[in-house]
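Novice: fold the following, please.
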Amino acid sequence: MTEVVNNRMKHRYELAADGHIAAIYYDVADGIITFDHTEVPPELSGKGIGSKLVKGALDQVRADGLKVIANCEFVKGYIGKHPEYADLMQR
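Specialist: Residues are numbered from 1 along each chain as shown. This next block holds a predicted model:
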């Protein structure tokens, strides 16, 4: 498993594992990143890949000074379970 990478050309954060890629798709405007959809291939399901992907993406978002809108239920749920990221949410 590698680290989470921001693929700006495809507007997604990616995490490669076991020959597959999990991704969170986003749009950025005016200092706000909107997470729209998370995809984890079935082969990676149940291995914590989605959580590692979201954590890595949110850590990069924090470093970039962006605020978050979580239209994706998986990202929204992750932030709900990890209050240390709640300050990133756009109010």
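Novice: contacts only, for residue 17.
Specialist: Residues counted as contacts of residue 17 (C-beta atoms under 8 Å, 6 or more residues apart in numbering) are 1, 2, 44, 47, 49. C-betas here are computed from N, CA, C, even on glycine.
Novice: could you do residue 49 as well?
Specialist: Contacts of residue 49 by C-beta under 8 Å, 6+ apart are 1, 15, 17, 22, 40.
Novice: how about the strands in the protein?
Specialist: Shown for the chain, the strands assigned by DSSP state E span residues 5-7, 12-17, 20-29, 32-39, 67-70.
Novice: identify each buried residue in the first one, please.
Specialist: For strand 5-7, the neighbour count (16 or more other C-beta atoms under 10 Å) marks 5, 6 as buried.
Novice: that one - contacts with which helices or strands?
Specialist: Judged by 3 or more C-beta pairs under 8 Å, 6 or more residues apart in numbering; DSSP states H and E, strand 5-7 is in contact with strand 12-17.
Novice: now do the strand it packs on and strand 32-39, the angle between them.
Specialist: 40 degrees (axes from the mean of the first three to the mean of the last three C-alpha atoms, to 10 degrees).
Novice: what pLDDT, on average, does strand 12-17 get?
Specialist: Averaged across strand 12-17, the pLDDT comes to 96.
Novice: next: stretch 44-61.
Specialist: Mean pLDDT, stretch 44-61: 95.
Novice: what residue is smack in the middle of this structure?
Specialist: Nearest to the geometric centre of the chain sits residue 54, at 3.5 Å (C-alpha atoms, centre = their mean).
Novice: how far does the longest helix seen in the chain sit from the chain's center?
Specialist: Scanning the chain for the helix with the most residues, using DSSP state H, yields helix 49-64. Here helix 49-64 is found 5 Å from its chain centre; the criterion is C-alpha atoms, centre = their mean, to the nearest Å.
Novice: what of stretch 65-80?
Specialist: Worked out by C-alpha atoms, centre = their mean, stretch 65-80 lies 8 Å from the chain centre.
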